[in-house]
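Student: Starting from these lines, generate the structure:
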Amino acid sequence: MLTSDIPPNQTIYIKNLNEKVKKEAVDYSVMSIVLAVHKLKRSLYALFSQYGRILDIVALKTAKLRGQAWVVFSDVPAASNAVRQMQNFPFYDKPIRIQYAKTQSDCIAKAEGTYDKKKKQEEKAERKKRAEEGQQTATANGSKADTNGDPSAAPRPGKPGTQEAVTEPNNILFVQNLPPETNSLTLELFFKKFDGYREVRMIEAKPGIAFVEYENEASALAAMESLQGFRITDYPMAITYAKK
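Tutor: So this is what the prediction gives:
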């Protein structure tokens, strides 16, 4: 459902995100956290770019902001479609909750000439003060801060091989024309929702292609027919049966 008490705007607030991506970085070093954030942003971009042009994505892995993200679209209709269509979408097996963000994103405010730098600095200082005061308590009970849809409340981080078409049915699909930066986690979001899913295999030396395996040919066919031509950013997927 759309959130009735928050007016529609270009920015959507997503919570209840699965932290599976983060769990790969078990050492919690700065570099591992940066990589985890990058993977999460790429997955969110692939998921939401089908609804319109994305201007910005805010997603952090700090203790207080885990499981939350903001996606900024270039227009309100795109954001509205995303809220309607992706509500409760199983993102890594966990249904996400989406609503319009409570405040306008900085990039939209700057574009419209309504950005108040001084006010933002004052708000940032106040948030830092509150965070420092409550940090000890939050750490003790392991709680997460839910910023309730305010993207400005989130601190910002620092700065193809081919194969001929195969018509003989197979339980393995060959996927081409993927964005070069696509990874197996991103593809898994789309293909695992079909019954019989087994795995996604990618070849590091050949970006832009992947193999997706199912338990049987019927499941593979269902996935191929549903996702044929589906766009990840500006790349429509080309799916055929893999050669036996």
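Student: Could I get the full set of helices for the chain?
Tutor: 20-23, 30-48, 76-86, 106-112, 117-141, 184-191, 217-227 (DSSP state H).
Student: State the mean pLDDT of the fourth one.
Tutor: Helix 106-112 shows a mean pLDDT of 50 in the predicted model.
Student: Could you do the first one as well?
Tutor: Throughout helix 20-23, pLDDT has a mean value of 50.
Student: for stretch 81-96, which positions count as buried?
Tutor: Residues of stretch 81-96 classed as buried: 82-83, 86, 89, 91-92, 96 (neighbour count, 16 or more other CB atoms under 10 Å). Every residue, glycine included, has its C-beta placed from N, CA and C.
Student: Could you measure from the residue nearest to Ala69 when sequence neighbours are not counted over to Gln85?
Tutor: Leaving aside its chain neighbours, Ala69 sits nearest to Ala59 (4.0 Å; criterion: CB to CB, 6 or more residues apart in numbering). Noted for Ala59: a distance of 20 Å to Gln85, by CB to CB, to the nearest Å.
Student: now the buried residues of stretch 81-96 in a markdown table, with pLDDT?
Tutor: Listed next are these as a markdown table, based on pLDDT from 0 to 100:
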| residue | pLDDT |
| --- | --- |
| Ala82 | 94 |
| Val83 | 94 |
| Met86 | 92 |
| Phe89 | 90 |
| Phe91 | 84 |
| Tyr92 | 79 |
| Ile96 | 92 |
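Student: and of those residues, the nearest to Leu221?
Tutor: The closest of these to Leu221 turns out to be Phe89 (CB to CB; 23.2 Å).
Student: which regions of the chain lie under the pLDDT threshold?
Tutor: The chain contains residues with pLDDT under 70 at 1-4, 19-36, 60-65, 104-167.
Student: Please parse it into its domains.
Tutor: With domains defined by the TED database, the chain comprises 11-110, 172-241.
Student: Figure out which of the ones you listed is closest to Asp5.
Tutor: The closest of the domains of the chain to Asp5 is domain 11-110. By CB to CB, the value is 9.5 Å.
Student: what's the neighbour count on Ile172?
Tutor: By other CB atoms under 10 Å, the residues close to Ile172 number 18.
Student: err, Phe174, not the other one
Tutor: Around Phe174 there are 22 other residues, counting by other CB under 10 Å.
Student: and it, what is it in contact with?
Tutor: Phe174 sits next to 163, 166, 209-211, 239-243 when contact means CB atoms under 8 Å, 6 or more residues apart in numbering.
Student: ok, of those, which one's closest to Pro77?
Tutor: Nearest to Pro77 among these, counting by CB to CB, is Ile239 at 28.8 Å.
Student: and the gap between that closest one and Phe190?
Tutor: Computed as CB to CB, the Ile239 to Phe190 distance reads 11 Å.
Student: and those two? which has more neighbours close in?
Tutor: Between Ile239 and Phe190, counted using other CB under 10 Å, the more crowded position is Ile239 (23 against 19).
Student: I figured the more buried one hits Leu227, correct?
Tutor: Yes: between Ile239 and Leu227 there is a contact at 6.3 Å, judged by CB atoms under 8 Å.
Student: Burial check on the nearest residue to Leu17 once chain neighbours are set aside, number of neighbours?
Tutor: Nearest non-adjacent residue to Leu17, counting by CB to CB, 6+ apart: Gly67, 4.6 Å away. The number of residues packed near Gly67 is 18, by other CB under 10 Å.
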